[in-house]
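Asker: Compute the structure for the input listed below.
(chains A and B)
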Amino acid sequence: MKQSDQLNRRQFLAAAGTAVASVPYLIPSGVLAARGRAGANERITTAHIGVGGRGGGLMREVKGFQEEGLTKIVAVCDIDRSRLAKALEQAGAGVEPYHDYRYVLERKDIDAVVIGTPDHWHGVQVVHAAECGKHIYCEKPACCTIEEGKAMVAAVKKSNVSVQIGSQGRSQPEAYLAHRYLVNGNVGHISRVDCFHYPSPEDNNPVPDSDPPAELDWDMWLGPLRWRPYNKKYCHGTFRWLLESGGGQIRDRGAHVMSCAMWWMGADGTGPVTVEATGTPPTKGLWDSAVLMDVTYTFKNPDWVLTWRQMPNDQLPPAEQRTGKEPGGKISRPGYGAIYRGDKGEFIHWGGDGGTWAEKKAREWEPLAGARDVYKSPGHFEDWFNGIKTGANTIMNIEAGVGVANLCILGNLSYILGRKLQWDQAKQTIVGDELAQRMMSRPQRHPYHL
Amino acid sequence: MSMNNLNNVSLAAGAAGILTATVGAAENKAVGELLAGIRNASDKVRTEAWLNAGKAGAPAVKPLAAVMTDSDLEVARAATRALWRLVRDAAWPRANKQKQAVEIELIGLLGDKNPVSVRREVLWMLSEIGGRNSIKAVARLLKNSELREDARMALERIPAKGATAALQAGFEAAPEDFKANMAQSLRKRGQEVTGYPCQKLVPKKKTDLKPL
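Answerer: Numbering: from 1, shown residues only, chains lettered A, B, ... in the order given. You can find the predicted model right below:
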């Protein structure tokens, strides 16, 4: 695909029928909060909840849209004072800082929130934001428990807001090429998708629990999680490697790579009937997510198998050699992706998040007359803005986001329990295993609950 | 009873005794091996030990709990993971006897003499087992200022009417600063609560930072 085939932000703005430059003021509060109601002014007022790490990156992305007149950042929020101060500087003049996101949700002039908090906050904050009528962009994975996912879907449906989950791989240019290539039968009927990923890290330098740093509100960082003492290895970024909060590589990158698989296989809204996982735990330290892992999901009607495998680096498939002139450039993240196995051949992609690289044969494939086309996202944020303005379903809407997160959650549950699980997609429940059923939810600390 | 019958009874009792002793010895051996593995200096050996903790069953619960506060962080961590593994293995579908045996041992760890950190972990283990036997012991900790929040959450998860009744009683007896917490659990259990409205959307903490 040529660069010119993609909508840039300015073109998207024009396509959406906006006239931003001529309207220098913001519309009254709440006008955009009702999905599908286009306001007189196309600027979307945003607040950013969780502005360190990935959340900070999201804020800077949205600031780019602000410079193009599409958005207006009015609030930033973080429970780490240092991170909040830094974000405040980056966001610019006039932006209000908050410690407690619930002040943000009270503001009627805020149309949308961008949630970049740790995973264990996603469920609660999405539900609260939806209940307050805010459109939502939430980092992946959508949720940490099955119960959270159900509550999120219900709250979003009830409030009719637009949600985009941050599995942005679906919106990458080469994701479109891969999708189009696969649905046109180029590898035949696909009965198996094997996702691959390098191992989760081990905590080789564990440290004892300690007092939290002065700038951090540890109670609110934990939020819905049960209380535990602060540990330097269990906080910003590192939460990723604990099962209760981050869930390891499967819930991090799995929410990207398996998101592409569900999208390209046309499997959004479906779920596996069985999930079976094995894995290798770390041998020391605080982190407890599986270092190596094998998960097999079986789907019925249609029948296919999805696998997730965290494997030693020397077993990963070699990355395609590129010149760097391809649409996506060189493959900078060769350590994860998926192989699609059809009855006429195979297809491989690398990455699946902000970088998604499709094998050459998909990039070079020219559709013949009558070939099936697929949705081409204008960009992950742009797709969300379109959802806010028109009511159109987003590419990684709440149902799709929860569906993918459920795969990750079920994989970890099977690993933790050491047994195969049966899943009833229609009832959204594990079958025949009371303990596993109880582990589909987790009581939450007061007052940080769904 | 004839002498023959007496002899038979005596033989049966003796056999049962030998069997009990044999089982006891086997259990002790399994527990001893598990603890030795947990205390081993090798990361790999400790990991192998906690991964296989389920085989030792209920008799290993209390000995493992005693190691959960070991001064060696890695040993303490291995003991905690071993106990979790044991709980989850015991709660295998249809393994009700094993589950109850483990539950009873865990309940015995909720006493005031055990460290708060151990009891907090045990409360969550009992919440996963979800058995009725633990309701009374868990509810007692609603009066403990350090453990009441974990006890509330544990009760919230136990799927028995008795747990709802314990939450209700706990709500009525709770001090004012804990009523809203208890109300949260009761609402989760589908109970109507008068007063103490839901606090989830009520902001509380302000920043001292100002806009640029």
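Asker: near chain B, anything from the lengthiest helix in chain A?
Answerer: As assigned by DSSP state H, the longest helix anywhere in chain A is helix A:398-417. Yes. Judged by C-beta under 8 Å from any C-beta of the partner chain, helix A:398-417 and chain B are in contact via A:I416, A:L417. Bear in mind the C-beta positions are built from the backbone N, C-alpha and C, glycine included.
Asker: any idea of the mean pLDDT in that helix?
Answerer: What helix A:398-417 shows for mean pLDDT is 98.
Asker: what's the answer for stretch A:229-243, then?
Answerer: Mean predicted confidence for stretch A:229-243 is 97.
Asker: about what we covered before: for the longest helix of chain A, list the C-alpha coordinates in CSV.
Answerer: These are the backbone C-alpha positions of helix A:398-417, laid out as CSV (Å, rounded to 0.1, in the frame of the first residue of the first chain):
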residue,chain,number,x,y,z
ILE,A,398,-15.6,-2.9,24.1
GLU,A,399,-17.0,-6.3,23.1
ALA,A,400,-14.0,-7.1,21.0
GLY,A,401,-11.6,-5.8,23.6
VAL,A,402,-13.2,-7.8,26.3
GLY,A,403,-13.3,-10.9,24.1
VAL,A,404,-9.5,-10.7,23.5
ALA,A,405,-8.8,-10.0,27.2
ASN,A,406,-10.9,-13.0,28.1
LEU,A,407,-8.6,-15.2,26.1
CYS,A,408,-5.6,-13.9,28.1
ILE,A,409,-7.4,-14.3,31.4
LEU,A,410,-8.6,-17.8,30.7
GLY,A,411,-5.1,-18.8,29.6
ASN,A,412,-3.6,-17.5,32.8
LEU,A,413,-6.4,-19.2,34.9
SER,A,414,-5.7,-22.6,33.2
TYR,A,415,-2.0,-22.1,33.9
ILE,A,416,-2.6,-21.1,37.6
LEU,A,417,-4.9,-24.1,38.1
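Asker: following that helix, which helix or strand shows up next?
Answerer: strand A:421-424 (DSSP states H and E).
Asker: neighbouring strands for that following strand, and are they parallel or not?
Answerer: strand A:274-280 (antiparallel), strand A:429-431 (antiparallel) (DSSP bridges).
Asker: Buried ones in that strand, by neighbour count?
Answerer: Across strand A:421-424, burial judged by 16 or more other C-beta atoms under 10 Å in any protein chain shown covers A:L421, A:W423.
Asker: chain center to it: distance?
Answerer: 23 Å (C-alpha atoms, centre = their mean, to the nearest Å).
Asker: And the contacts of it?
Answerer: With contact meaning C-beta atoms under 8 Å, 6 or more residues apart in numbering or on different chains, strand A:421-424 is reached by A:271-276, A:410, A:413-414, A:429-433, A:436.
Asker: swap the cut-off to 6 Å and go again
Answerer: Strand A:421-424 has contacts (C-beta atoms under 6 Å, 6 or more residues apart in numbering or on different chains) with A:G271, A:P272, A:T274, A:V275, A:S414, A:I430, A:V431, A:G432, A:A436.
Asker: same question, stretch A:348-360
Answerer: A:168-169, A:172, A:174-175, A:177-178, A:256-257, A:260, A:319, A:328, A:331-334, A:337, A:339, A:347.
Asker: Let me know the average pLDDT across that stretch.
Answerer: The average pLDDT for stretch A:348-360 rounds to 96.
Asker: Show me which residues of that stretch are buried.
Answerer: A:I348, A:H349, A:W350, A:G351, A:G352, A:D353, A:G355, A:T356, A:W357, A:A358, A:E359.
Asker: again, but for stretch A:71-90
Answerer: Buried-residue list, stretch A:71-90, by 16+ other C-beta under 10 Å: A:71-81, A:83-88.
Asker: how close does the residue nearest the centre of chain A sit to B:A41?
Answerer: Centroid-nearest residue in chain A, with C-alpha atoms, centre = their mean: A:K140, separated by 2.3 Å. Using C-beta to C-beta, to the nearest Å, A:K140 is found at 40 Å from B:A41.
Asker: pretty sure A:W350 belongs to a helix, no?
Answerer: No. A:W350: not assigned to a helix; according to DSSP: H, G, I helix; E, B strand; the rest coil it is strand.
Asker: ok, it to A:A358 distance?
Answerer: A:W350 sits 9 Å away from A:A358, going by C-beta to C-beta.
Asker: can the buried residues of stretch A:348-360 go into a markdown table with extra columns for distance to B:A101?
Answerer: Converted to a markdown table, the buried residues of stretch A:348-360 look like this (distance: C-beta to C-beta, whole Å):
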| residue | distance to B:A101 |
| --- | --- |
| A:I348 | 50 |
| A:H349 | 50 |
| A:W350 | 50 |
| A:G351 | 49 |
| A:G352 | 46 |
| A:D353 | 46 |
| A:G355 | 52 |
| A:T356 | 51 |
| A:W357 | 54 |
| A:A358 | 55 |
| A:E359 | 55 |
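Asker: out of the residues you listed, which one sits closest to A:T323?
Answerer: Proximity of those to A:T323 (C-beta to C-beta) peaks at A:W357, which lies at 12.8 Å.
Asker: Give me the pLDDT value at the residue nearest to the centre of chain A.
Answerer: Here the pLDDT value assigned to A:K140 is 98.
Asker: cool, A:H197 as well?
Answerer: 98.
Asker: What of A:G329?
Answerer: Looking at A:G329, the pLDDT reads 88.
Asker: How about A:R251?
Answerer: pLDDT at A:R251 comes out at 97.
Asker: what about it, helix or strand, and which?
Answerer: Going by DSSP H and E, A:R251 is in helix A:248-252.
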